[in-house]
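>>> could you look at this predicted model? Sequence included:
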Amino acid sequence: MVKDIPLSEITLRRYEKPYDSSKRELIRKICLSFGLLQPGDSRDIVVDLLLVLEDSRTKKEWMNSFEIRDRVQGKRKEHSLEEKGLAESNIRRQLKRLRDAMLVDKKENRYRLSEFAPLGEIFETKIEKFLIPQTIERIKEYLGKLE
């Protein structure tokens, strides 16, 4: 029996323009837009994780999962949010999701936003110019075979 396992997967959503949003709210909308967070999902630890990685990007700072967890915990306290989802296994799982989405690099158990690039640049080079065209081309191959 053959399983249908995708080589890659992408979800994109479009929201209203980002008027006067806080940095956390901007990151939350980015996570929703990239399909990293589902609408209405209260388990939003990935938002704070990406926020911590974005903050460390400007300092060109690699962090291990324990440092990330501690900073995420601080962000959640700062915003008066529940501290659910801070288990080490969940932090590593969320980091893996971000790596699979080509947003995060890992080297010797340390993490950073890909090449310390801004999220906009990562989106443009790795998703918009690389992943989306490949995905569209493969869909066209299936459609062509159907004809």
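Arrived safely, thanks for sending.

>>> the helix or strand containing residue 67 packs against which elements?
Using DSSP states H and E, residue 67 maps to helix 65-78. Here helix 65-78 touches helix 45-57, helix 88-100, going by 3 or more C-beta pairs under 8 Å, 6 or more residues apart in numbering; DSSP states H and E. For every residue, glycine as well, the C-beta is placed using N, CA and C.

>>> what's the angle between the last one and helix 45-57?
Going back to what we said before, that points to helix 88-100. Calculated by axes from the mean of the first three to the mean of the last three C-alpha atoms, to 10 degrees, helix 88-100 forms an angle of 70 degrees with helix 45-57.

>>> now the helix holding residue 67 and helix 45-57, what's the angle there?
110 degrees.

>>> skipping its backbone neighbours, what lies nearest the residue sitting nearest the centre point of the chain in space?
Nearest to the mean C-alpha position of the chain, by C-alpha atoms, centre = their mean, lies residue 98 at 4.2 Å. With sequence-adjacent residues excluded and distances taken as C-beta to C-beta, 6 or more residues apart in numbering, residue 98 is closest to residue 104, at 4.0 Å.

>>> list phi and psi for the one you found.
Dihedral angles of residue 104 (phi, psi; degrees, to the nearest 10) stand at phi -130, psi 140.

>>> could you report the neighbour count for it?
Using other C-beta atoms under 10 Å, residue 104 has 20 neighbouring residues.

>>> ok, it touching residue 115?
No - using C-beta atoms under 8 Å, residue 104 is not in contact with residue 115, being 10.4 Å away.

>>> any idea how far the residue nearest to residue 98 is from residue 86?
Taking C-beta to C-beta, to the nearest Å as the measure, residue 104 falls 18 Å from residue 86.

>>> residue 130 too?
Taking C-beta to C-beta as the measure, residue 130 and residue 86 are separated by 32 Å.

>>> cool, residue 78 as well?
14 Å.

>>> try residue 71
11 Å.

>>> tell me which of the two has more neighbours.
Neighbours were counted for residue 71 and for residue 86 using other C-beta under 10 Å; residue 71 has more, 18 against 15.

>>> and the pLDDT for the residue lying closest to that one once chain neighbours are set aside?
With sequence-adjacent residues excluded and distances taken as C-beta to C-beta, 6+ apart, residue 71 is closest to residue 52, at 4.4 Å. Looking at residue 52, its pLDDT stands at 98.
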